[in-house]
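In: Pasting a predicted model and its sequence here:
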Amino acid sequence: MATNYVPFKIALTDGQKKKLQKAFAAKSAVTLRVKPEQIGRGDEFLLTRTQISKMKKAASERRGADLKMSKTQIEKTAQRGGSIFS
């Protein structure tokens with residue numbers, strides 16, 4: 001069954017962008033710790049509906065959340081034109 005991804009905005013720090021770029025180059029998964037003020041703005045990523053729900057819930061409760069992105073998810077975001085991968 002194919003996973004459906006939905007665009008969602010998250011403002012990553014420079015360190016998080018580097019970590020994501022390294023994971024993309026190594027073709028591996030990555031986990032990013034996201035603060036509530038980063039959620040809903042910034043760069044657009046392809047996330048699952050479950051991940052988006054988790055991010056929105058964390059933001060509404062003013063707490064951070066771990067965003068786990070799979071290798072495929074990172075690749076699809078890059079293919080879609082993710083600006084941090086250029």
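Out: Happy to help now that I have it.

In: okay, CA-based contacts and neighbour counts for the rest of this
Out: Fine.

In: Pick out the residue nearest the middle of this protein.
Out: Residue closest to the average C-alpha location in the chain (Cα atoms, centre = their mean): residue 45, at 5.2 Å.

In: Could you say which helix or strand holds that one?
Out: Assessed by DSSP states H and E, residue 45 sits inside strand 43-47.

In: per-residue confidence at the residue lying closest to residue 70 once chain neighbours are set aside?
Out: In space, and not counting its chain neighbours, residue 70 is closest to residue 29: 4.4 Å by Cα to Cα, 6 or more residues apart in numbering. Taken from the predicted model, the pLDDT recorded for residue 29 is 97.

In: Strands of this protein, residue ranges please.
Out: In the chain, strands defined by DSSP state E lie at 6-10, 30-34, 43-47, 65-69, listed in chain order.

In: Can you say which of those strands is nearest to residue 57?
Out: For those, distance to residue 57 was read as Cα to Cα. The smallest value, 9.2 Å, belongs to strand 65-69.

In: Show me what that closest one packs onto, helices and strands only.
Out: strand 30-34, helix 49-60 (3 or more Cα pairs under 8 Å, 6 or more residues apart in numbering; DSSP states H and E).

In: Would you mind saying which of the ones you listed lies nearest residue 5?
Out: Shortest distance between residue 5 and the helices and strands packed on strand 65-69, using Cα to Cα, is found for helix 49-60: 7.2 Å.

In: and the closest residue to residue 46 other than its chain neighbours, what is it in contact with?
Out: Closest residue in space to residue 46, ignoring its immediate chain neighbours: residue 7 at 4.6 Å, by Cα to Cα, 6+ apart. With contacts defined as Cα atoms under 8 Å, 6 or more residues apart in numbering, the neighbours of residue 7 are 44, 45, 46, 47.

In: my guess is the second one meets residue 9, correct?
Out: Yes - Residue 45 lies in contact with residue 9 (Cα atoms under 8 Å); the separation is 6.1 Å.

In: ok so, going back, I'd like the contacts of residue 7 as TSV, with distance to residue 76 and pLDDT appended.
Out: Formatted as TSV, those follow (distance: Cα to Cα, whole Å; pLDDT from 0 to 100):
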residue	distance to residue 76	pLDDT
44	12	91
45	9	93
46	7	94
47	10	95
